[in-house]
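Novice: build me a model:
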Amino acid sequence: MYTSIEKAETYTLEVPRISEAKKYIVGRIRQLLTAAMGREFMEMPLYCKCCVYYVFISLVLLFAWSEELVWLNVMNVLNFANAGRLANKAVKKTSARD
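Specialist: Numbering: from 1, shown residues only. Next comes the predicted model:
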C-alpha cells in the first residue's frame, strides 16, 4: 500500500492523433509522387491520373505473356487497348479545355 505522501501514478490512455498522422502520411506520399512523376503529373486532374495508372497496370499485365493460355493473352491485349483509348480520350478532353 501507499502512504499518504507516496501516490501511485495514474494511467491515462493516450489517444493517437489520427488527423496529424493522416496529414503527415498524405504529405509524404505527395512528396514522393512529385519526386517520382514530376510536377506536371501532380497538377493533372484525378481522372487523368487514374487513366495513367490504368495504362501502367495494363502494361505490366501485358508482360505476363503465356504461351499456354491464348485467351488470357487476348484479354491482356484488349485491356491495354482500352487503357490507351481512355488515356487518349482524357488527354483530348483536358487539352480542349485548356
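
Novice: which positions within stretch 54-69 qualify as buried?
Specialist: 54, 55, 58, 61 (16 or more other CB atoms under 10 Å). For the C-beta atoms, the positions are set from N, CA and C on the backbone; glycine is no exception.

Novice: likewise for stretch 41-57?
Specialist: Buried residues in stretch 41-57, defined by neighbour count with 16+ other CB under 10 Å: 44, 48, 49, 51, 52, 54, 55.

Novice: ok now the helix or strand harbouring the last one, how far from the chain's centre?
Specialist: So the one you mean is residue 55. For residue 55, the host element (DSSP states H and E) is helix 46-62. How far helix 46-62 lies from its chain's middle: 11 Å, per CA atoms, centre = their mean, to the nearest Å.

Novice: and stretch 72-92, by the same measure?
Specialist: Chain-centre distance of stretch 72-92: 20 Å, with CA atoms, centre = their mean.

Novice: that stretch - what's its average pLDDT?
Specialist: Stretch 72-92 shows an average pLDDT of 88 in the prediction.

Novice: could you give the angle of the longest helix seen in the chain to helix 46-62?
Specialist: Longest helix of the chain, by residue count under DSSP state H: helix 70-97. On the basis of axes from the mean of the first three to the mean of the last three CA atoms, to 10 degrees, helix 70-97 is oriented at 160 degrees to helix 46-62.

Novice: list the helices and strands the helix holding residue 55 packs on?
Specialist: Counting contacts by 3 or more CB pairs under 8 Å, 6 or more residues apart in numbering; DSSP states H and E, helix 46-62 is packed against helix 70-97.
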